[in-house]
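Asker: sequence and predicted structure, then a few things I'm wondering about:
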Amino acid sequence: MTRNIYIRPIALALSPQSEEGEAVRLGGSMVWASRFALIVREGTRIISRERVGSADMARALGALPAELGAAAEAQWANLRKVHAPLQCGARTVRLDQPQVMGILNMTPDSFSDGGRFLDNAQIAQDHAAAMLEAGAAIIDVGGESTRPGAAAVSESDELKRVVPMVERLAAIGVAISLDTRRPAVMEAGLAAGAHIINDVSALRYDPRSLEFAAASGAPVVLMHAPGNADDLHADGDYADIALDVFDWLAAQRDVALAAGIAPHNIVLDPGVGFGKTIAQNLALMNALELFHALGQPLLVGASRKRMIGALSNEAPPHERLGGSLTLALRAMDAGAHILRVHDVRETVQAARVWRGLRDAALTDFSQLAEG
Ligand code: 8Y7
């Protein structure tokens, strides 16, 4: 049975000097970690779990069975990797602080703002401009609702919804990501000026997507969903949500690399809300820092999702701002690089204040450990 290793940060620090020994900077973010769980699984069974401080990591990795050594060393290097910015045409999206991706749904039935923009391109463009002005680094344009039970959209309808909006946004210099599973939409969207492919099927829905994405040279977001690419909300069968999603993303990352997608163009996303129970979504949000060990920038989309309603008397999507901000802050505390959200103004304000706190911690030397 195959054995897998995981290095999960378990003690996060506000700044490097607040911990004795060396705290490790996670994924080039403003988040540090000083202690880690070194977990070994055999198949789906955890066979060992050890807590290791960063200063003691070299010894702990050296003591692992030889078959796990290389993977463990790679994860330890990945955790500390600094990611290059995403290049989006003339715009550069730096990944050294949390960035906000604003959602622009060009769908009639999206659960949050369905139908509002579809019939009026000017209203949609005004909304995008407002998100930009509020500080969104990227606008995510989608023409296919992926909520549970949403009606299927034909390729020609998806193209009609998405391409004209991409053209409008490209004309005003926006960094654009395209939320689609179809290679024809990817191709038309990139030609119209989009920069990033955001595929909730992780390029599995159509085998040509992988090939197209590699040839395009565009950054891609690969998101976890347990079902096949036709039914992204099918229930998952997990032994351990965080470790299983980790294995799955590692495999999809490797598929993308083998297809020729450049390492700096792969963004990974644990897929909050896709084929996961409320308890699994919560556990996943609590485990986000583990995913830095995959060595790629991380995107998290928890905005207005069902888990928030489930924890707040079934608040409807438009009344989920407080919960959305709580989850966005959890993602920031875990060092997530990009937050996909509906409420851009509020999330950007939260991110700026969060950043102010981190800057203050970096220059607070009263935390310095003695000796
Ligand atoms: C996500 C997403 C949706 C997400 C990424 C919704 C398109 C459902 N969720 N893309 N898309 N990550 N990368 O509630 O979590 O917004 S649609």
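Answerer: Structure's in. What do you need?

Asker: please spell out which residues along stretch 183-196 are buried.
Answerer: By 16 or more other C-beta atoms under 10 Å, the buried positions in stretch 183-196 come out as 183-190, 192-196. Bear in mind the C-beta positions are built from the backbone N, C-alpha and C, glycine included.

Asker: can you list contacts of that stretch?
Answerer: Residues from elsewhere that reach stretch 183-196, judged by C-beta atoms under 8 Å, 6 or more residues apart in numbering: 86-89, 91, 138, 141, 143, 155, 158-159, 162-163, 166-167, 169-171, 175-178, 180, 197, 199, 206, 208-209, 211-213, 216, 218-221, 267.

Asker: ok, back up a step: dump the buried residues of stretch 183-196 to JSON lines, plus pLDDT, distance to Tyr6 and secondary structure.
Answerer: Putting the buried residues of stretch 183-196 into JSON lines (pLDDT from 0 to 100; distance: C-beta to C-beta, whole Å; DSSP: H, G, I helix; E, B strand; the rest coil) gives the following:
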{"residue": "Pro183", "pLDDT": "97", "distance to Tyr6": "33", "secondary structure": "helix"}
{"residue": "Ala184", "pLDDT": "98", "distance to Tyr6": "38", "secondary structure": "helix"}
{"residue": "Val185", "pLDDT": "98", "distance to Tyr6": "35", "secondary structure": "helix"}
{"residue": "Met186", "pLDDT": "98", "distance to Tyr6": "32", "secondary structure": "helix"}
{"residue": "Glu187", "pLDDT": "98", "distance to Tyr6": "37", "secondary structure": "helix"}
{"residue": "Ala188", "pLDDT": "98", "distance to Tyr6": "40", "secondary structure": "helix"}
{"residue": "Gly189", "pLDDT": "98", "distance to Tyr6": "36", "secondary structure": "helix"}
{"residue": "Leu190", "pLDDT": "98", "distance to Tyr6": "35", "secondary structure": "helix"}
{"residue": "Ala192", "pLDDT": "98", "distance to Tyr6": "41", "secondary structure": "coil"}
{"residue": "Gly193", "pLDDT": "98", "distance to Tyr6": "40", "secondary structure": "coil"}
{"residue": "Ala194", "pLDDT": "98", "distance to Tyr6": "34", "secondary structure": "coil"}
{"residue": "His195", "pLDDT": "98", "distance to Tyr6": "32", "secondary structure": "coil"}
{"residue": "Ile196", "pLDDT": "98", "distance to Tyr6": "28", "secondary structure": "strand"}
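
Asker: for these, which one is nearest Ala279?
Answerer: Ile196 (31.3 Å; C-beta to C-beta).

Asker: for that closest one, name its beta-bridge partners.
Answerer: Ser177 (DSSP bridges).

Asker: who in the stretch 101-250 of the chain is up against the ligand?
Answerer: 142, 146-147, 179, 198, 200, 221, 223 (C-beta under 6 Å from any ligand atom).

Asker: which two of those residues have the greatest separation?
Answerer: Longest span within these, C-beta to C-beta: Arg147 and Val221, 17.9 Å.

Asker: and these two? Which one has more around it.
Answerer: When Arg147 and Val221 are compared for neighbours, Val221 comes out ahead with 27 against 18, by other C-beta atoms under 10 Å.

Asker: state the mean pLDDT of the helix or strand that that one is a member of.
Answerer: Secondary structure from DSSP states H and E places Val221 in strand 220-223. Averaged over strand 220-223, pLDDT sits at 98.

Asker: for that strand, the distance to its chain's centre please.
Answerer: 8 Å (C-alpha atoms, centre = their mean, to the nearest Å).

Asker: list the helices and strands that strand packs on?
Answerer: strand 196-199, helix 241-258, strand 266-269 (3 or more C-beta pairs under 8 Å, 6 or more residues apart in numbering; DSSP states H and E).
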